[in-house]
Structure formats: C-alpha cells, structure tokens
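A.B. asks: sequence first, then the predicted structure, then my questions.
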Amino acid sequence: MNIPASKAYEGPSGIGRDSIWLTAEDLIEGRDFDVTIEKVLIYPEVTFQGGRKKTNMLGLKFVGKDRVLGLNATNRKALNKMFGNITSGWKGGVITLYVSDTQLAGETVKCLRIRSKPARAASAAEDLLGDDDDPTAEGPEEA
C-alpha cells in the first residue's frame, strides 16, 4: 500500500476545502486579521451551493493571500464607508477581517466581516509607564 506523505496540522480547518473563496472557516475565531487589498475582482456570474446565482459579484484579493473574499452587501457597504464607492480607491487599503455571526435561512452561521484597521491603543502597562521607558527622557529632579 502506498501511503501519501503527511504531517501534523493544528490550524483552521478551511485549509481542507478545495475553493478559491475565503470564509470564516479559514480564520481563527476571536482573532483579528489585518490584510492589504491587492485588487478588486468582478465575477460576471457565480453559482452558490443550492444553485443560487449572483451576477457581478465583487471579490477582494489580498496581498500575499491565495483565497478571495467574495463581498456581500454588508462588507461592500463597509468598504464604501472606509474608502468611497469607486473600487479603484480600495486598492492598497488595509482592513481588518474577523469572524462574526449572521442569520442565513433562519439559522445562525459564521461569517467574515470587515472593519477599518483601528489605531493601536496603548496597553495598560504603557499607560502606567508613560515615557519612563524612553532613555532620552529626563528623569525626576532630585531634591
């Protein structure tokens, strides 16, 4: 018997899907993923499971990633708000992807959502330390 080569794997299960589409199954729930939009693609007609068809579906190709995020109305509107409604303005934009829940056909399912990449907030330790870790800052005056 010829057994194919294998190795242990402990990442997201989406790797096992034979698909070009990026889905919630490809990311780790509870973790944000920052990506840069390489280009916007248009698919004249896409057929979904169950035979439902969508015309002129937009997709996002990200720098250094193989899978494409097909845009639903919620994510398309988020991009319009962030970068405007002309898709050429989306190229090079940095966004955050995260796993969320949505309702589909009467049941709750996992989905991917987009938000703008927020500025990093200072950690509690940084707030407590202030500029104390800056070697060029002057220390307290001695009495």
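C.D. replies: Everything's here; your move.

A.B. asks: just checking, what's the longest strand in this structure?
C.D. replies: strand 33-47 (DSSP state E).

A.B. asks: ok, it: who's next to it in the sheet?
C.D. replies: Strand pairing for strand 33-47, determined by DSSP bridges: strand 53-62 (antiparallel), strand 94-104 (antiparallel).

A.B. asks: distance between the last one and the chain's centre?
C.D. replies: Centroid displacement of strand 94-104 relative to its chain, using CA atoms, centre = their mean, to the nearest Å, is 8 Å.

A.B. asks: how about that strand as CSV, C-alpha atoms only?
C.D. replies: The C-alpha coordinates for strand 94-104 follow below in CSV (Å, rounded to 0.1, in the frame of the first residue of the first chain):
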residue,chain,number,x,y,z
VAL,A,94,-5.6,48.0,5.0
ILE,A,95,-8.6,46.4,6.6
THR,A,96,-9.3,44.0,9.5
LEU,A,97,-11.1,40.7,8.9
TYR,A,98,-12.8,39.0,11.8
VAL,A,99,-15.3,36.1,12.3
SER,A,100,-18.8,37.0,13.3
ASP,A,101,-22.3,35.5,13.3
THR,A,102,-25.2,36.2,10.9
GLN,A,103,-28.6,34.8,10.1
LEU,A,104,-28.9,32.8,7.0
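
A.B. asks: got a list of contacts for that strand?
C.D. replies: Residues from elsewhere that reach strand 94-104 (CB atoms under 8 Å, 6 or more residues apart in numbering): 22, 24, 27-37, 69, 74, 79, 82, 108-118. In short, each C-beta sits where N, CA and C put it, glycine included.

A.B. asks: help me confirm that residue 77 is found in a strand?
C.D. replies: No. Under DSSP: H, G, I helix; E, B strand; the rest coil, residue 77 sits outside any strand and is assigned helix.

A.B. asks: picking that back up, buried subset of the contacts of strand 94-104 as a PyMOL selection?
C.D. replies: Listed next is the PyMOL selection for buried residues among those, using 16 or more other CB atoms under 10 Å:
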select buried, resi 22+24+27+33+35+37+69+79+82+111+112+113+114
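
A.B. asks: circling back: among the strands paired with strand 33-47, which gets the worst mean confidence?
C.D. replies: Across these, strand 94-104 has the smallest mean pLDDT, namely a mean of 92.
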